[in-house]
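Engineer: Have a look; sequence and predicted model below, questions after that.
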Amino acid sequence: MGVNAAILVPDLAESWEISKDGKTYTFHLRKGVKWHNLPPVNGREFVAEDVVYTYDRIANTAGSANAGWFSTLDKMRAVGKYTVEITLKEPYVAFLLNMADTYAVITPKEVVDADGNLKKRVIGTGPFILTERVSNIVTKLRRNPDYWERGVPYLDGIDLFTIPDPSATLAAFRGGQIDLASSSDKEEVASILRSNPRTQVLRRVVGLSWSKIHWRTDKPPYDNIKLRQAFSVAMDRQGEIDIRFGGEGTTVVGPMPAYPGFVVPLEKLGEASKFYKRDVKYAKQLLAEAGYPNGGEFPYMVANTDFLNRAQFYYNSLLEAGIKLKIKVIDFAEYLGTGYIGKYEGAANGGTNFPPDPGEFFHLQYHSASAVYNQSHVKDPLVDKMIEEQKRTLDPDKRIKIIQDLQMHLADKFYYIALPGSSSNRLMSPRVRGWAPTINQNDSDVFRYVWFEGEK
């Protein structure tokens, strides 16, 4: 999944060229694409000016989470109706991958002009049209009859239900109320197969996620590196793999997900490797060095999803070392508006945005200028410098070296603590056909090719 391995498939842009110096990108757009036939856009044709407007808005809107993608932008223009030319001030290795990310989706100017933002309605060019959304309950999508790829989507519509309680989700799946569900718990999957033996189970590859603990490293008590190290040494990562995941998982170590070709394995982390192995005695020593010789109670916020199950699992192993979690449980919707975007106090447990390029992962999670996804409020000048350096390094081997050096620098800092990765199982009713796993959040890429065969 590194920048050397990612394969980009054309969608709204049929083709593109990159100049030899890596600074100018010319995109040739697909002709005949229409916006959804909803006001105020009313099914007009998608054109180059839409791309220019969208990227200019991302780059220049205050608080934009992805403005950093355009930090090196020099100029951008529509060359005719179906061609866009973007010139950067300096090379940016991950720029093309960023343009393919879900968060770079093209948006129509008419909607922003009418509403002031994109919060009230969603209008795009994709295979499904949003017809209704009830917050924290259901999102309803219906087939776009004018979609540019003829013959798809196959389904007439999709209802996406928000069910915060994992057990309620599985109960709805058992009862045939929903066709898709997920679980990382081996026993849960086995239980589903006992009650619904015709269930299809599609297992995702271990390591495609990065669940972690994040904390306010700019404020007490988590500004104390010894305390963060004590957490890591006290945690029973292997126990979660053995007990919760039935032995099918991987102890994710280091400060980044397992990007092939980029990640530094545990045995090569040097002195820092000792912080990734459970040692209660050493954890107590670190806790004392942090100023808590008799242990302590520490604030910890967690959403009432599977992340709560994980926090409860680690509670006892941390307590054994003198670390008592003062757990505050919140709704997932509240977490998305607080912990997920770095607006919280203390520590939190959650997932993260998972960009296809490791350099972008570091920029989002660790760069001091990252407006939203630097959930731990990291401010490390050397980290910023190395992130910027890898962005403009065109030589693949040199770039890998920078990213690996960055991991070595971060290995004992624990701005984040990665939790074990599991085999995420997609549970499907017997009638579902065409589903395939994806690492990004744009499930429309999958749903447009899904169909039903037979009855539930």
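Structural biologist: Received, thanks.
Engineer: ranges for the helices of this protein?
Structural biologist: Counting by DSSP state H, the chain has helices at residues 48-60, 95-99, 109-115, 166-174, 186-195, 225-234, 237-243, 280-289, 306-319, 332-336, 358-366, 381-391, 396-410, 444-447.
Engineer: nearest to Lys81, of the ones you listed?
Structural biologist: Closest of those to Lys81 is helix 48-60, at 6.0 Å (criterion: Cβ to Cβ). For the C-beta atoms, the positions are set from N, CA and C on the backbone; glycine is no exception.
Engineer: Domain ranges for this protein, per the record?
Structural biologist: What automatic domain parsing lists as the domains of the chain is 13-113, 128-204+424-452, 212-422.
Engineer: Check the offset of the last one from the chain's centre.
Structural biologist: Meaning domain 212-422. 15 Å (Cα atoms, centre = their mean, to the nearest Å).
Engineer: Next, format the domains of the chain as CSV and append mean pLDDT, mean neighbour count and distance to Arg121.
Structural biologist: CSV is the format used below for the domains of the chain (pLDDT from 0 to 100; neighbours: other Cβ atoms under 10 Å; distance: least, Cβ to Cβ, whole Å):
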stretch, mean pLDDT, mean neighbour count, distance to Arg121
domain 13-113, 93, 16, 6
domain 128-204+424-452, 88, 16, 7
domain 212-422, 91, 19, 19
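Engineer: Output the ones you listed in CSV; the columns should cover distance to Val122.
Structural biologist: Compiled in CSV, those are given as follows (distance: least, Cβ to Cβ, whole Å):
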stretch, distance to Val122
domain 13-113, 8
domain 128-204+424-452, 5
domain 212-422, 17
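Engineer: Out of the ones you listed, flag the one nearest Lys120.
Structural biologist: domain 13-113 (8.1 Å).
Engineer: For stretch 20-39, what is the distance to the chain centroid?
Structural biologist: 25 Å.
Engineer: now the end-to-end length of that stretch.
Structural biologist: Terminal residues of stretch 20-39 are spaced 42 Å apart (Cα to Cα, to the nearest Å).
Engineer: Could you check how far Gly296 is from Pro221?
Structural biologist: According to Cβ to Cβ, to the nearest Å, Gly296 and Pro221 sit 8 Å apart.
Engineer: Nearest to Lys119, out of the domains of the chain?
Structural biologist: With Cβ to Cβ as the yardstick, what comes closest out of these is domain 13-113 (10.1 Å).
Engineer: show me what contacts Lys186?
Structural biologist: Arg244, Phe245, Gly246, Gly247, Glu248 (Cβ atoms under 8 Å, 6 or more residues apart in numbering).
Engineer: Provide a list of residues in contact with the residue nearest to the second one when sequence neighbours are not counted.
Structural biologist: To tie it back to what came earlier, the one meant is Phe245. Once flanking residues are discounted, Phe245 sits nearest to Ser422: 4.4 Å by Cβ to Cβ, 6 or more residues apart in numbering. Shown in contact with Ser422 (Cβ under 8 Å, 6+ apart): Ser184, Val206, Ile241, Arg244, Phe245, Glu248, Gly249.
Engineer: Show me the two of those that sit farthest apart.
Structural biologist: Across the contacts of Ser422 (Cβ to Cβ), the longest gap, 13.6 Å, separates Val206 and Arg244.
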